[in-house]
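Chemist: Model the structure of this input:
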Amino acid sequence: MARFLLYLKFRKNKLKQEMIGYYIIAGVLFIVSMYVSNKLKSKFKKYSKVHLQNGMSGKEIAEKMLSDNGINNVKVISTPGMLTDHYNPQKKNNKLK
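Modeler: Model (predicted):
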């Protein structure tokens, strides 16, 4: 019985050590992902203020790209927000920031 209890204690300590390793890995991944997210947002914020040389908006460029490729049944809609661009195939619309 004492041997079994000693085994359980050993196993419990080993499990704690393994869990600490997982927590460290999860923490590092969380910090790296937050860093990458912040860098990406700052780049988008910086370059969203840069105007194109041809004076066209993103909506106008998207509409031109669609029409140049013979896609005339998709509406392009301007939406507020940051990193909110997406295409809805059911409604056939492309929402751009």
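Chemist: Report the separation between the spatially most central residue of the chain and residue 21.
Modeler: When CA atoms, centre = their mean is applied to the chain, the residue found nearest the centroid is residue 37 (7.3 Å). Noted for residue 37: a distance of 25 Å to residue 21, by CB to CB, to the nearest Å. Backbone N, C-alpha and C define where each C-beta goes, glycine included.
Chemist: Make sure residue 78 is actually in contact with residue 60.
Modeler: No - counting by CB atoms under 8 Å, residue 78 does not reach residue 60; the two are 10.2 Å apart.
Chemist: domain assignment for this protein?
Modeler: As assigned by automatic domain parsing, the chain contains the domains 1-50, 54-97.
Chemist: mind putting those in a markdown table, mean pLDDT included?
Modeler: Below are those laid out as a markdown table (pLDDT from 0 to 100):
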| stretch | mean pLDDT |
| --- | --- |
| domain 1-50 | 84 |
| domain 54-97 | 85 |
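Chemist: Tell me which of those domains is the most buried.
Modeler: For the domains of the chain, the largest average neighbour count (mean count of other CB atoms under 10 Å) is found in domain 54-97, namely a mean of 12.
Chemist: Kindly check the end-to-end length of that one for me.
Modeler: Counting by CA to CA, to the nearest Å, the length from the leading to the trailing residue of domain 54-97 is 19 Å.
Chemist: Would you mind measuring from the closest residue to residue 84 other than its chain neighbours to residue 70?
Modeler: Nearest non-adjacent residue to residue 84, counting by CB to CB, 6 or more residues apart in numbering: residue 97, 5.2 Å away. From residue 97 across to residue 70, the span is 25 Å (CB to CB).
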